[in-house]
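Mind folding the following:
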Amino acid sequence: MLWMSWLVALTALSCRPAQEKDEGTLARAREEMVERQIVARGVRDERVLAAMRKVPRREFVPEPLAAQAHDDHPLPIGHGQTISQPYIVAYMTEALGLEGGETVLEVGTGSGYQAAVLAVIAARVYTIEIVAPLAEEARERLEKLGYDNVEVRAGDGYQGWPEAAPFDAIMVTAAAPRVPEPLKAQLRDGGRLVLPVGDEWQELVVITRRGDRFEEKRVLPVRFVPMTGEVRE
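This next block holds a predicted model:
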């Protein structure tokens with residue numbers, strides 16, 4: 001049995017350098033992604049940049065597209081959905097104005113990547129995905145990677161998550177034809193709602209709640225998959 005123990009030990013040692021090399025390569029790829037695609041375009045929030053460097057984007061991309069995981073464009077994840085390009089993820093996260101410790105709602109979980117980025121900064125993330133298989137895959141992926149401050153729900157995000165409201169920030173990652181009123185109502189005073197609005201022509205909109213008033217600012221032309229469900233009725 002002694003020789004078997006030595007064999008196991010030698011196998012572990014031989015695998016370790018390859019694993020460390022792979023992790024190092026991915027970390028460098030994320031660093032290059034952040035510097036060339038995100039910092040170069042003006043994102044400056046250190047919390048956001050640190051989260052983008054930390055979250056293993058490769059884990060949220062389908063295996064056949066692994067080589068493109070850190071490229072400057074969205075990628076398909078199945079069921080007609082996509083994982084947004086890194087810059088848009090960082091830009092929208094910065095637009096929420098998170099300082100740490102917040103409770104955040106995300107509508108449109110997709111692969112779970114945006115939720116993971118939010119989870120690095122916020123205390124608690126609630127995320128809803130209308131495509132049930134994607135919701136289950138994202139839940140399993142986030143649990144496996146240790147994001148235990150994220151709760152995933154399969155369902156229509158139009159009505160938000162009333163029992164967990166109010167939220168310090170809300171993000172929608174699919175284009176709505178109009179701003180869902182239930183989401184505005186679930187926003188805490190001083191909180192921000194960030195979402196793409198429009199169909200053929202879409203703009204990223206940042207809404208800040210000021211008591212009973214909602215200040216709206218259109219900040220960037222974008223292109224997202226459409227939000228489906230009750231918002232289309």
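
max-length strand in this structure?
Secondary structure assigned by DSSP state E gives strand 187-198 as the longest strand of the chain.

For the chain, just list every one of the strands.
Taking DSSP E as the test, the strands found in the chain are 75-78, 81-83, 103-107, 124-129, 150-154, 167-172, 187-198, 202-210, 213-222.

how about these in a markdown table, adding distance to Leu65?
Just so you know, the C-beta spots here come from the backbone N, C-alpha and C atoms, and that holds for glycine as well. Output for these, formatted as a markdown table (distance: least, CB to CB, whole Å):
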| stretch | distance to Leu65 |
| --- | --- |
| strand 75-78 | 5 |
| strand 81-83 | 9 |
| strand 103-107 | 22 |
| strand 124-129 | 20 |
| strand 150-154 | 22 |
| strand 167-172 | 24 |
| strand 187-198 | 23 |
| strand 202-210 | 24 |
| strand 213-222 | 21 |
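
The ones you listed into CSV, with extra columns for mean pLDDT?
Formatted as CSV, the strands of the chain follow (pLDDT from 0 to 100):
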stretch, mean pLDDT
strand 75-78, 96
strand 81-83, 96
strand 103-107, 98
strand 124-129, 98
strand 150-154, 98
strand 167-172, 98
strand 187-198, 98
strand 202-210, 98
strand 213-222, 96
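
Dump those into a markdown table; add distance to Trp161 and mean neighbour count as well.
Shown next, in a markdown table, are the strands of the chain (distance: least, CB to CB, whole Å; neighbours: other CB atoms under 10 Å):
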| stretch | distance to Trp161 | mean neighbour count |
| --- | --- | --- |
| strand 75-78 | 22 | 16 |
| strand 81-83 | 20 | 20 |
| strand 103-107 | 6 | 26 |
| strand 124-129 | 5 | 25 |
| strand 150-154 | 7 | 19 |
| strand 167-172 | 8 | 25 |
| strand 187-198 | 12 | 20 |
| strand 202-210 | 17 | 18 |
| strand 213-222 | 19 | 12 |
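
of those, which approaches Gly97 most closely?
Of all these, it is strand 187-198 that lies closest to Gly97, at 5.7 Å by CB to CB.

if we can go back for a sec, right, so of the strands of the chain, which gets closest to Val89?
Among those, strand 81-83 comes nearest to Val89, with 8.4 Å by CB to CB.

show me what contacts the closest residue to Pro177 other than its chain neighbours?
Computed as CB to CB, 6 or more residues apart in numbering, the closest residue to Pro177 that is not its neighbour in sequence is Asp199, at 5.9 Å. Applying CB atoms under 8 Å, 6 or more residues apart in numbering, one finds that Asp199 lies in contact with 175, 177, 226.

Contact partners for Leu193?
With CB under 8 Å, 6+ apart, Leu193 has these contacts: 169-172, 179, 183-184, 187, 206-209.
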